[in-house]
Every structure is written in structure tokens, then in C-alpha cells.
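K.L.:
I'll drop the sequence and a predicted model, then ask my questions.
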Amino acid sequence: MKLTNASMKSLAAALALAWSAPAVYSQVLPGSAVQFGMIGVAQSQTLRLSIIAWPPNPFFPPDPICIAQLGFVDGSGAAVGPAKTIDLGAGQGDWLDLRGGTLALPFGGRAEVRPVVTLLQSPAGGASTCLANAEILDSFSSFSLVLAPGATAYPPQPIFPLQGVAWGQVLRLNVVAYPPDPVCIAQLSFVDRMGNAAGPAPKTVNLSTGQADFLDVAGTSLVGRFGQRAELRPVVTMVPGAAAPSSCAATAEVYDQFSGRTWAWGDGTTPNQ
């Protein structure tokens, strides 16, 4: 088949696009997605913080590295459980586990913790680029139950979709004051599918960096029997007039009242952001 001038130009354009693909891809890589809100873990569950050097396959020098310290903090910002320093090259990964059974929780009790990844600079220079996930496992079977992806940042106004809560479950709205802004001053509440107030009275929080708080709504207060469920939307409203900018990392989770086990989790990120 003879190539015309037009077809040769099209082929050249396609080849140019193919050769340029790595450069285009490198421009849209996410930053280090290693930030988390609060996550609840029960006595029978394990919270695993896993991390990889990003991207796993380098497209341009220098090769990506991920040097960081992994750990967990509680609702007051104090360290809890184990900590670990990792040094990863491209394509490598590691993890750190926090077992609920080591936290002296009673049956049905739970602890709200926040996975923390502190990025460290390479001794040879250069920043770490890391991608992290938090995962809740069943400690007995090791079955995966909940996946919580790390975020690059949290939006100034947390937004949640509808979240279902059944009889025997609790829907919890968490907020934590997140750096770089020093405070989280906000009102926590729930609304139904029509946008009407639902559940408990709104709660106002005033938190310093690293501190967390929450608002619960029990499914038994919304539906009458086992097998029924209600759909609510968690709402975080920033309080105007604060002396300093307010920054709240918000998460919503569903757990059961009997065992305290977390069954669902989501963060208040802006859609398509």
C-alpha cells in the first residue's frame, strides 16, 4: 500500500505522540498520596498501613524513591502502636500493622486512629514520592474488609455522598485538624436524602492540629427493625469568623454496635478533584 503525504503526516503525528507519552504521563502523576483521616479499628481487626515508591516503573531519571517513617496517632495526636522507617526503590513496597488486640480494647470497643506517613529526604538529595493505602483486615482470617486510599490533600470544604446505616450499625463522622492550618472549627451534622436535618443535634468542634472528634448516629434511631436501613449524608460546615484558617480532614465510617468492627469507610473529598 502506497502512503500518501497525508497518511505519512498522520503516521508521523502518531509516532510523535507515542514517543511523548512518558513525558505526558509524568506531568499528571499524583503527588505523594500519603495523608489520612481517622479510621476506627476494633479488637478483632488489624489496621495495615502499606506504602510503595511511586511511580512503580520510572519513566524518567532519577528513579523514584520513597523514604518515610510510618506510624499511627490517636485522637489527641499522640503516637500509638508501632512505628517503622522504610527506604524503598522503584517498584518496592512495605507495610506496618496495628492490631486492635494490642490496644487493650474490650469486646465491642474500638479505637479511632490516624495512619501517619512522614516523608524523609534521601541522603543523596531529592524528595520522596510515595503512594500509601490503609486497610482494615480481620485479624483471625486475614480477610480484607475496608480499603482507605491515601490522599494528596484534603479540600477546604469536605463533601460526602449518601451513606447507608442499618439497624444495629452506627454511622460516625470524624474530623481531625490537619496541617498546614492549625485549627479545625466546624459544625458536624447529618441530613437525609431530601436535605432535611436527621439524627442527633449538630455538634460544634474546635480542634488544634492533630486533635480529632466525631459525631455518631445509630441506625436504631432511624429504622424500626433488623433488615432496614436509612440513607444519610454527613455534613461538615466550617464555622465562619475563625481567627485562623480552618482545615478539617473528614471521614465517615460505619461500624456495628455489637463488635465495634468497621465495615465501611470514606473520606470527604471533592468529587472529580
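P.N.:
Received, thanks.

K.L.:
Where does pLDDT dip in this structure?
P.N.:
Where the chain drops to pLDDT under 70, the residues are 1-31, 56-62, 180-181, 241-245, 269-273.

K.L.:
Which residue ranges of it form helices?
P.N.:
5-27 (DSSP state H).

K.L.:
Mind naming the longest strand for it?
P.N.:
strand 197-208 (DSSP state E).

K.L.:
who's in contact with it?
P.N.:
Strand 197-208 is contacted from outside by 171, 175-177, 182-192, 213, 215-217, 221-222, 230, 232, 239, 248, using Cβ atoms under 8 Å, 6 or more residues apart in numbering. Heads up, the C-betas are built off the backbone N, CA and C, glycines and all.

K.L.:
export it as CSV, just CAs?
P.N.:
Coordinates of each C-alpha in strand 197-208 appear next as CSV, following Å, rounded to 0.1, in the frame of the first residue of the first chain:
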residue,chain,number,x,y,z
ALA,A,197,-31.7,17.5,59.3
ALA,A,198,-31.6,14.0,60.6
GLY,A,199,-30.1,12.2,63.5
PRO,A,200,-28.6,13.9,66.6
ALA,A,201,-28.3,17.6,67.1
PRO,A,202,-25.4,19.3,65.3
LYS,A,203,-22.1,19.4,67.2
THR,A,204,-19.5,22.2,67.0
VAL,A,205,-15.8,21.2,67.3
ASN,A,206,-12.8,23.4,67.9
LEU,A,207,-9.7,21.4,67.4
SER,A,208,-5.9,22.1,67.3
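
K.L.:
mind listing what's buried in that strand?
P.N.:
198-199, 205, 207 (16 or more other Cβ atoms under 10 Å).

K.L.:
tell me which of the residues you listed is nearest to Gly91?
P.N.:
The closest of the buried residues of strand 197-208 to Gly91 turns out to be Leu207 (Cβ to Cβ; 38.3 Å).

K.L.:
okay, the buried residues of strand 197-208 in a markdown table with distance to Pro161 next?
P.N.:
Compiled in a markdown table, the buried residues of strand 197-208 are given as follows (distance: Cβ to Cβ, whole Å):
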| residue | distance to Pro161 |
| --- | --- |
| Ala198 | 15 |
| Gly199 | 16 |
| Val205 | 22 |
| Leu207 | 24 |
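
K.L.:
Of these, just say which sits nearest to Leu119.
P.N.:
Nearest to Leu119, judged by Cβ to Cβ, of the buried residues of strand 197-208 is Leu207 at 23.6 Å.
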